[in-house]
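K.L.:
Got a sequence here, can you build the structure:
(one chain, ligands or ions: 1)
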Amino acid sequence: MPNPYFSRRDFLHRAILAGLFSSLPVSVLAQIITRTPPKSPFGSNSTAEDVTEGLNLSGLTFAITGANSGLGFETMRVVALRGAHVIGIARTQEKADKACASVQGETTPMFLDLADWDSVVRCAEQIRALNIPLDGLITNAGIMALPELELVNGVERQFAVNHLGHFILINQLREPILAAPQGRFVMLSSRAHRRADNGIEFDNLDGSQHYDPWNAYGVSKLANALCARELAAQISHTNATANSVHPGVIATNLTKNLPAWQQWGAKYLGWMFLKDVAEGAATQTYVATSPDLVDVRGFYFADCNVADGTPYMKDDALAAKLWTVSEGLTKDFLPPAHRA
Ligand SMILES: NC(=O)c1ccc[n+]([C@@H]2O[C@H](COP(=O)([O-])OP(=O)(O)OC[C@H]3O[C@@H](n4cnc5c(N)ncnc54)[C@H](OP(=O)(O)O)[C@@H]3O)[C@@H](O)[C@H]2O)c1
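P.N.:
All right, here's what the predicted structure looks like:
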């Protein structure tokens, strides 16, 4: 079967462009090579099964964090159903085993704790040891709105888990993604990035100036999207892409840190105004698998289409600074080329 993503002509085209423009700054290069995403036929009511209907993903491998719960589990289920091999990553081996065993198709359970960066490196090593290209990495795991300030390695926990843990993972897995014909990084952001009123406050990454649960979550989700944007620019001369997504609002275990009445409301009344999990998993599944999104990089998607975010979401200088600061905070856990 021909590769649904990428033809030999595309490859030649990109190689020539990369050669011609290799002396340009990455942000300029990204704009030249990046394609504007087409309007998709899918929307807020589409499910992960809808957006992959008719797709044959056999021969492709995807890795998903948070694969034991909510949107990650549904994404794994559907991508495996369409024939892909899925590396289902959970916080413990036991959770990963259980999740992988309960879906049809080929899955490989692995574990990491995004708050334990040695474990992130070990998981990436295990994935690299499989010696196969990685067609997609969906950085889906996350925590939300921790009521009290908690620190991980001196950094506020949501920023450390949602952004920095995944930052290490994407850098550790760059090689297998770039080895795929058209590897994709898909990063879970959120509409809640709007809670980051002042963008990324680099002098408050440890919460020492102020702490608000939703602001901290918003900052971590803005960081996810900016990280995808900067990565997209850095890999724009390759076949790989990076994009971020807002899945919608869905009642999942993500609400576990909210007050009991809010959890109750989401669980029992949410069906009236929230997406269900099948719909919530659609956008990340679409961005990870759609043949229409070859060469589409650096965008923020919601409801399976490009969406608007705050001006911070398109701030390339902020994205570049975030990348540099993140490298500094995680330098002992990055591949050798990144250790300054
Ligand atoms: N649900 C929504 O309305 C919504 C809206 C916008 C964005 N999102 C984003 O969507 C993603 C998926 O959320 P969800 O709604 O599916 O939530 P969920 O059901 O709570 O799933 C979150 C997953 O992340 C894992 N996780 C949490 N902390 C971790 C850590 N330290 N190390 C490794 N894994 C960890 C959880 O593992 P455990 O089961 O072991 O805790 C779980 O598998 C998140 O990134 C979230 O920010 C969700």
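K.L.:
So which residues of the stretch 1-150 of the chain form helices?
P.N.:
For the stretch 1-150 of the chain, applying DSSP state H, counting those that start in this stretch gives helices covering 8-21, 26-33, 48-51, 70-81, 93-101, 117-129.
K.L.:
wait, what's in contact with whichever residue of the stretch 101-250 of the chain sits closest to the ligand?
P.N.:
Closest approach of the stretch 101-250 of the chain to the ligand (C-beta to the nearest ligand atom) occurs at residue 142, with a separation of 2.6 Å. Bear in mind the C-beta positions are built from the backbone N, C-alpha and C, glycine included. Contacts for residue 142 (C-beta atoms under 8 Å, 6 or more residues apart in numbering) come out as 66, 161-162, 188, 220, 254.
K.L.:
do residue 253 as well
P.N.:
Residues near residue 253 by C-beta under 8 Å, 6+ apart: 69-70.
K.L.:
Can you check the pLDDT for it?
P.N.:
Looking at residue 253, its pLDDT reads 95.
K.L.:
need the residues of the stretch 151-300 of the chain near the ligand, please.
P.N.:
By C-beta under 6 Å from any ligand atom, the residues of the stretch 151-300 of the chain that approach the ligand are 161, 188, 190, 246-247, 249-250, 252-254.
K.L.:
Rebuild those as TSV, extending it with secondary structure and distance to residue 117.
P.N.:
Formatted as TSV, those follow (DSSP: H, G, I helix; E, B strand; the rest coil; distance: C-beta to C-beta, whole Å):
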residue	secondary structure	distance to residue 117
161	helix	10
188	strand	19
190	coil	23
246	strand	26
247	coil	25
249	coil	30
250	strand	28
252	coil	25
253	helix	23
254	helix	22
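K.L.:
Is it possible to mark the buried ones in the residues you listed?
P.N.:
161, 188, 190, 246-247, 249-250, 252, 254 (16 or more other C-beta atoms under 10 Å).
K.L.:
Most widely separated two among those?
P.N.:
Largest separation among those by C-beta to C-beta: 161 and 249, giving 20.2 Å.
K.L.:
can you count the residues close to residue 42?
P.N.:
Using other C-beta atoms under 10 Å, residue 42 has 18 other residues around it.
K.L.:
Next, it: phi, psi?
P.N.:
Per-residue torsions, residue 42: phi -100, psi 160 (degrees, to the nearest 10).
K.L.:
coming back round to it: now, the most widely separated pair of the residues of the stretch 151-300 of the chain next to the ligand?
P.N.:
161 and 249 (20.2 Å).
K.L.:
List the contacts of the residue lying closest to residue 164 once chain neighbours are set aside.
P.N.:
Leaving aside its sequence neighbours, residue 164 sits nearest to residue 330 (C-beta to C-beta, 6 or more residues apart in numbering; 5.6 Å). By C-beta under 8 Å, 6+ apart, the contact list for residue 330 reads 117, 164, 167-168.
K.L.:
so which of the residues of the stretch 151-300 of the chain next to the ligand comes closest to residue 214?
P.N.:
residue 190 (10.7 Å).
K.L.:
List phi and psi for that closest one.
P.N.:
Residue 190 has phi and psi values of phi -170, psi 150 when expressed as degrees, to the nearest 10.
K.L.:
Doesn't residue 244 lie inside a helix?
P.N.:
No: looking at residue 244 with DSSP: H, G, I helix; E, B strand; the rest coil, it is strand, so not inside a helix.
K.L.:
Now do the contacts for it.
P.N.:
Counting by C-beta under 8 Å, 6+ apart, the residues that residue 244 touches are 186-189, 224-225, 227-229, 299-301.
K.L.:
Give the buried residues for the longest helix along the chain.
P.N.:
Assignment by DSSP state H gives helix 213-234 as the longest helix of the chain. For helix 213-234, the neighbour count (16+ other C-beta under 10 Å) marks 213, 215-234 as buried.
K.L.:
And stretch 322-337, by the same measure?
P.N.:
Within stretch 322-337, judged by 16+ other C-beta under 10 Å, the buried ones are 322-323, 326, 329-330, 333-334.
K.L.:
Turn these into TSV, columns for pLDDT, secondary structure and distance to the ligand.
P.N.:
Putting those into TSV (pLDDT from 0 to 100; DSSP: H, G, I helix; E, B strand; the rest coil; distance: C-beta to the nearest ligand atom, whole Å) gives the following:
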residue	pLDDT	secondary structure	distance to the ligand
322	98	helix	17
323	98	helix	19
326	98	helix	17
329	98	helix	16
330	98	helix	15
333	98	helix	14
334	98	coil	18
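K.L.:
Identify the farthest-apart pair in the residues you listed.
P.N.:
Largest separation among these by C-beta to C-beta: 322 and 333, giving 16.7 Å.
K.L.:
one step back: need the least confident one among the helices of the stretch 1-150 of the chain, by mean pLDDT.
P.N.:
Confidence, taken as mean pLDDT, is least for helix 8-21 of the helices of the stretch 1-150 of the chain (a mean of 46).
K.L.:
which intervals of this protein have sub-threshold pLDDT?
P.N.:
Within the chain, the ranges that satisfy pLDDT under 70 run 1-34, 338-340.
K.L.:
now with 90?
P.N.:
For the chain, the stretches with pLDDT under 90 are 1-37, 258-273, 336-340.
K.L.:
how about the residues of the stretch 1-150 of the chain near the ligand?
P.N.:
65-66, 68-72, 90-91, 95, 112-115, 140-144.
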